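1. return a 3D structure for these sequence lines:
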Amino acid sequence: MSPNTLADARDRLAAAGCTPTTVAWIDEGDAADVTFGSAPEAARAALEGVFDSVDVVVQRVEGRGKQLLVADMDSTMITVECIDELADYAGIKPQIAEITERAMRGELDFEAALDARVALLGGLDEAAIDRCRAERVELMPGARALVRTMRARGATAVLVSGGFTRFAEPVAAEIGFDRAIANVLEIARGQLTGTVARPIVGAATKKATLLEYRAKLGVSEQATLAVGDGANDLAMIEVAGLGVAYHAKPIVAAAAGARIDHNDLSALLWAQGIPRAEWAD
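-> Predicted structure coming up:
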């Protein structure tokens, strides 16, 4: 990001009636703060999607440092959809991936779609789970820095996934989350039964988890951050102080309070005003 970009941003804000007061680099060339006094929706409309490869987060200065992070896992904290990759070991990835994509776009009921996909995995050897995790699951760039930096600053981080505990628990441990919540694949005699234990972790669980931890920690709504990419993340994104659509499906990007379309998850540290020199490894 160049000084010219910042100058253009200031001009656009002024034209939108959001006269800028200060401009300061967080990390020179990479992230900057532009402050203004009013009309945040007008500011977002004036800036979001305007600059190539630049993400814009419009928020209040007060409370930008978050004390609670609730995050999705698949295609958010990791680079893949675990159920699609697991299906590859059963030779049915295209069939399951199509259902996943439609569910994440909000075209299918999440729970019914999950049941349908898991049913197709019935009979798969349990060993495929660990093999899939070892061979296919990669952390999203910036995931570890985001979670570990926030926790080092006193925040609580919870991973809530519509995926499965056999993936979510090790992923959460590797990244540094306080807790992982996910669905349980039912297994009998070393094979997947094709069923998921009840209750299913979906949109309602994600929202309830954010509200539960907010109350338990005694933090304000403004002090909460939720991030996800699919339709089942919308409920938690909508009740967070900063709800972020991360490289998200159109339905989520349209509804979220902020979008990260270009950068990795470390952009959410810049959004909190934290420079790279203060990020945890």
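2. any idea how far residue 207 lies from residue 7?
-> Residue 207 sits 40 Å away from residue 7 when distances are taken as CB to CB, to the nearest Å. Just so you know, the C-beta spots here come from the backbone N, C-alpha and C atoms, and that holds for glycine as well.
3. of those two, which one has the most company?
-> Counted by other CB atoms under 10 Å, residue 207 and residue 7 do not tie: residue 207 has more neighbours, with 22 against 11.
4. doesn't residue 235 make contact with that one?
-> Yes: with contacts counted by CB atoms under 8 Å, residue 207 reaches residue 235, the gap being 3.9 Å.
5. quick check: pLDDT value at residue 226.
-> Looking at residue 226, its pLDDT is 98.
6. that one - that's part of a strand, no?
-> Yes: counting by DSSP: H, G, I helix; E, B strand; the rest coil, residue 226 is found in a strand.
7. which ones are touching it?
-> Residue 226 sits next to 69-71, 206, 210, 233, 236-237, 239-240, 242-244 when contact means CB atoms under 8 Å, 6 or more residues apart in numbering.
8. sketch out the low-pLDDT regions of the stretch 51-200 of the chain for me.
-> Of all residues in the stretch 51-200 of the chain, none has pLDDT under 70.
9. all helices for it, in order.
-> Along the stretch 51-200 of the chain, counting by DSSP state H, counting those that start in this stretch, helices occupy 82-89, 93-104, 110-120, 127-136, 143-152, 165-175.
10. so which of those comes closest to residue 47?
-> In terms of CB to CB, the element of the helices of the stretch 51-200 of the chain nearest to residue 47 is helix 143-152, at 22.7 Å.
11. quick check: the two most widely separated of the contacts of residue 226?
-> 206 and 242 (15.3 Å).
12. how many neighbouring residues does the closest residue to residue 195 other than its chain neighbours have?
-> The shortest distance from residue 195 to any non-neighbouring residue, by CB to CB, 6 or more residues apart in numbering, is to residue 186 (4.7 Å). Other residues within reach of residue 186 by the criterion other CB under 10 Å amount to 14.
13. list the contacts of residue 186.
-> Residues in contact with residue 186 (CB under 8 Å, 6+ apart) are 192-193, 195-197.
14. how close does residue 40 get to residue 281?
-> The spacing between residue 40 and residue 281, counted by CB to CB, is 34 Å.
15. who has more neighbours, these two?
-> Comparing residue 40 with residue 281 by other CB under 10 Å, the one with more neighbours is residue 40, at 13 against 7.
16. per-residue confidence for that one?
-> Reported pLDDT for residue 40: 91.
17. so where's the longest helix in this protein?
-> For the chain, the longest helix by residue count, based on DSSP state H, is helix 203-217.
18. report the distance from it to the chain centre.
-> 15 Å (CA atoms, centre = their mean, to the nearest Å).
19. again, but for stretch 32-44
-> From the chain centre to the centre of stretch 32-44 is a distance of 23 Å (CA atoms, centre = their mean).
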